[in-house]
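In: Generate a structure from the sequence data that follows.
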Amino acid sequence: MTTDKKKIPFIDEWPMVILACLTLGLAPFVPEPHIFGKVRWLLGGGVGMQPMDYFDFFMHATPFFLLLRLSFITLRNKLNKKDLPS
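Out: Alright, predicted model coming up:
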């Protein structure tokens, strides 16, 4: 019995994940991407961060987590030589 893993429409497609990283992940763009400020704040100890700030960080970081996940899955499949046919 073989199990055929099905793609999840949004999180298993490169164009959609890259688009999410460039839009939600980096918004607002001016004066700097919002995620950069949140990461800098967390690396500085997160002093004064409210629960809403943590939620905001995870919302903006989710596309990048999905990008890492898709990268690892693709690399694993290439190393195992088990690429699924498109």
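In: Please point out which parts of stretch 64-83 sit buried.
Out: 64, 66, 67, 70 (16 or more other C-beta atoms under 10 Å). In this view, the C-beta of every residue, glycine as well, is placed from N, C-alpha and C.
In: which helices and strands sit right next to the top helix by length along the chain?
Out: The single longest helix within the chain, with elements called by DSSP state H, is helix 51-80. In terms of contacts (3 or more C-beta pairs under 8 Å, 6 or more residues apart in numbering; DSSP states H and E), helix 51-80 is packed against helix 14-20, helix 34-43.
In: got the angle for the last one vs helix 51-80?
Out: Helix 34-43 and helix 51-80 meet at an angle of 100 degrees, taking axes from the mean of the first three to the mean of the last three C-alpha atoms, to 10 degrees as the criterion.
In: Give the rounded mean pLDDT of helix 34-43.
Out: In this model, helix 34-43 has a mean pLDDT of 92.
In: so where's this protein uncertain?
Out: 1-4, 82-86 (pLDDT under 70).
In: make it 90
Out: Scanning the chain for pLDDT under 90 picks out 1-12, 28-32, 34, 46, 73-74, 76-86.
In: Distance from stretch 53-61 to the middle of the chain?
Out: Centroid separation for stretch 53-61 versus its chain: 12 Å, with C-alpha atoms, centre = their mean, to the nearest Å.
In: Could the C-alpha coordinates of it be exported in PDB?
Out: In PDB, the C-alpha atoms belonging to stretch 53-61 read as follows (Å, rounded to 0.1, in the frame of the first residue of the first chain):
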ATOM      1  CA  ASP A  53       3.500  42.500  19.300                       C
ATOM      2  CA  TYR A  54       4.300  38.800  19.500                       C
ATOM      3  CA  PHE A  55       1.200  38.000  17.400                       C
ATOM      4  CA  ASP A  56       2.300  40.700  14.900                       C
ATOM      5  CA  PHE A  57       5.800  39.100  14.700                       C
ATOM      6  CA  PHE A  58       4.400  35.600  14.000                       C
ATOM      7  CA  MET A  59       1.900  36.900  11.500                       C
ATOM      8  CA  HIS A  60       4.700  38.600   9.500                       C
ATOM      9  CA  ALA A  61       7.200  35.700  10.000                       C
END
